[in-house]
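*Asks:* quick one: sequence plus predicted model below, questions after.
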Amino acid sequence: MKIDDLVRTANWKIEKHVPVIDCMEAVAADEVFEVKVAIGKEVAHPNTTEHHINWISLYFQPEGDKFPYQVGHYEFTAHGASVQGPNTGAVYAHHAMSTWIKINKPGTLFAISICNIHGLWQSSKEIKLK
């Protein structure tokens, strides 16, 4: 078995676990632009002690390059747990992230996330240069 056998994909409009990449589809070379990734854009994902998103990792694969570059890894560690028990905590991390990047080649962004119950999920978005 390989890790890619474990990574799931689906239409984010009907599946609450898919990371949704939100950014411009074409950017100028070396111009900084914002990339947002969220889980459950159309169908809300739970954020409870028992069922939550642990992290999102973002990668960029330049067109023609052999390997992707990791842009960032974003952990969400507050899911309502406290000494009083599950779902009694004072803080809940929302499973979304935002970062700013610049690229000098077209390529593809990949977002991978993990749900503590339903495993690994992936999505991708091509980015062109203007």
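*Replies:* Now that the structure is in, tell me what you want to look at.

*Asks:* and the strands in this structure, which stretches?
*Replies:* Under the criterion DSSP state E, the chain contains strands at 19-22, 26-27, 33-39, 53-62, 69-75, 96-101, 107-115, 119-129.

*Asks:* hang on, Asn54 packs against Ile112?
*Replies:* No: with contact defined as Cβ atoms under 8 Å, Asn54 and Ile112 do not form a contacting pair (11.3 Å). (C-beta placed from N, C-alpha, C; glycine too.)

*Asks:* which one's more surrounded, these two?
*Replies:* Higher neighbour count among Asn54 and Ile112: Ile112, with 18 against 14, using other Cβ atoms under 10 Å.

*Asks:* and the gap between the more buried one and Asn104?
*Replies:* Distance check for Ile112 against Asn104: by Cβ to Cβ, to the nearest Å, it reads 24 Å.

*Asks:* bridged to Pro62, which residues?
*Replies:* Gly107 (DSSP bridges).

*Asks:* can we start the residue count at 493 from this point?
*Replies:* In the new count, where the first residue is 493, that last one comes out as Pro554.

*Asks:* now Asn596: closest residue in space that isn't a chain neighbour?
*Replies:* Closest residue in space to Asn596, ignoring its immediate chain neighbours: Ala521 at 4.8 Å, by Cβ to Cβ, 6 or more residues apart in numbering.

*Asks:* sorry, that was for Ala520
*Replies:* Counting by Cβ to Cβ, 6+ apart, Lys622 is the residue found nearest to Ala520 once chain neighbours are left out, at 5.0 Å.

*Asks:* ok, now Asp514?
*Replies:* Using Cβ to Cβ, 6+ apart, the closest residue to Asp514 is Lys528 (4.3 Å).

*Asks:* could you pull up the residues touching that neighbour?
*Replies:* When contacts are counted by Cβ atoms under 8 Å, 6 or more residues apart in numbering, Lys528 is found next to Ile513, Asp514, Cys515, Ala588, Met589, Ser590.

*Asks:* the third one: neighbouring residues, count only.
*Replies:* This points to Cys515. 17.
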